[in-house]
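1. Dropping a prediction and its sequence here:
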Amino acid sequence: MVDRASTFANEETLELIRKGFIAFAPSLTEILKSRDPAGDFFRKVVNQRPEPKHTKQGYYICSPDGTLLKGWMYPRPDDGTMKRYLKEAMEKYQAPTDVAAIDAGRPDRFAPQPPAGAAVAEVYTKLLEANWQKTNLERFEKIRGAIGRDRLWITKAEIQDLSKNSFPDSLLERLIRYNLVDNTRGVPSVWKSPDIKELTVKVVPEAGTLRIEGSLKLDDGGNRHYDAKLEGFVAVKGETLTRFDLVAHGVHLQKRTALGEVPIGDTTFAVAFTLASDADSKTVPPLFTFDGGYLRAVGRVSELRNTPTK
């Protein structure tokens, strides 16, 4: 995130891209999995970059025939490298004489689509309070205050349940497992169904709006826990979801991560949900739709909600 923010904060860089290039920013997870012409073309380009070998993240400048002109990932954050490489590519570029057309008749790349009638909510995450190790890395200093982003799909059937003053188990389980995760500095692991240890949710109708109040405890058995309150407002008019403003807020702990760094000890972690606008970001699928089980509730939420409290 800090790499993109620093790279595209320069107006001269943006003007070079507008005038001389066609910009393309795919979801890396999705396009590397795709087996159509777009995915084939992308892999052809990125596999020409020798380093770093552990990831395909970064930037690529290529010709229409898939020849890599420049590919890089570091430095992070950008120090003017993007602007320099764009200028060099334009100065040295020689257009290929023979470019094969990509077959547009085959299915598009791996890109999950929301089911018919579904609504999309934007999801924002942030560590509000955290204790960090001292560092001299500018990149770490910047991303510690980053806001993570994702989306949540709300199906037509779930909207119908909400219109009947009921917060459906399937939506609640999806929201908890896939969105109550710290994605502010990279891609986290989702919560597994058994990680949901405690859950209470109260739905209170108020003049055409549902007030949501709840609490939850998540624990994966040693590495992460999250004890949070859930509150907000939801509204449905006819068959349309017109409001979906929720906030989860509480104490989060993570001891280890596969990427980057984690704070020391407990943090204050918040997750906010609101209906997406009609901007292009609405079309970007939720991060974890690629695992195939995104819309399938396992049933843990139903189990906890139907268990009598002592």
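-> Here it is on my side, so go on. Residues are numbered from 1 along each chain as shown.

2. what residue ranges in this structure are flagged as low confidence?
-> By pLDDT under 70, the weakly predicted segments of the chain are 1-2, 104-111, 308-310.

3. How far away from the center of its chain is the helix or strand hosting R18?
-> Under the criterion of DSSP states H and E, R18 resides in helix 11-20. Here helix 11-20 shows a centroid-to-chain-centroid distance of 27 Å under the convention CA atoms, centre = their mean, to the nearest Å.

4. helices or strands up against the next helix or strand after it?
-> Next helix or strand after helix 11-20 toward the C-terminus (DSSP H and E): helix 28-33. Applying 3 or more CB pairs under 8 Å, 6 or more residues apart in numbering; DSSP states H and E, we find helix 28-33 packed against helix 37-46. All C-beta atoms are positioned from the backbone trio N, CA, C, and that covers glycine.

5. elements contacting the helix it packs on?
-> helix 28-33, strand 59-62, strand 68-72.

6. Dump the longest one to CSV, restricted to CA.
-> Yep, that's helix 28-33 we're talking about. Presented in CSV, the C-alpha positions along helix 28-33 are these (Å, rounded to 0.1, in the frame of the first residue of the first chain):
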residue,chain,number,x,y,z
LEU,A,28,-2.5,-10.8,-8.5
THR,A,29,-4.1,-13.8,-6.7
GLU,A,30,-6.8,-14.1,-9.3
ILE,A,31,-4.9,-13.5,-12.5
LEU,A,32,-2.1,-15.9,-11.6
LYS,A,33,-4.8,-18.6,-11.2
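
7. Please enumerate the strands of the protein.
-> 59-62, 68-72, 119-131, 148-154, 196-206, 209-219, 224-237, 240-254, 264-275 (DSSP state E).

8. surely G66 meets V45?
-> Yes: counting by CB atoms under 8 Å, V45 is a contact partner of G66 at 5.5 Å.

9. Excluding residues flanking it in the chain, which one is nearest L216?
-> L199 (4.8 Å; CB to CB, 6 or more residues apart in numbering).

10. Can you name the residues that contact that neighbour?
-> 172, 176, 214-217, 301, 304-305 (CB atoms under 8 Å, 6 or more residues apart in numbering).

11. let's go with 10 Å and repeat that
-> Neighbour list for L199: 169, 172-173, 176, 214-218, 230, 300-301, 303-305, 307 [criterion: CB atoms under 10 Å, 6 or more residues apart in numbering].

12. and T67, backbone torsions?
-> phi -80, psi 120 (degrees, to the nearest 10).

13. Let's have the strands of the chain in JSON lines, adding distance to M82.
-> Below are those laid out as JSON lines (distance: least, CB to CB, whole Å):
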{"stretch": "strand 59-62", "distance to M82": "7"}
{"stretch": "strand 68-72", "distance to M82": "9"}
{"stretch": "strand 119-131", "distance to M82": "26"}
{"stretch": "strand 148-154", "distance to M82": "22"}
{"stretch": "strand 196-206", "distance to M82": "43"}
{"stretch": "strand 209-219", "distance to M82": "39"}
{"stretch": "strand 224-237", "distance to M82": "35"}
{"stretch": "strand 240-254", "distance to M82": "32"}
{"stretch": "strand 264-275", "distance to M82": "31"}
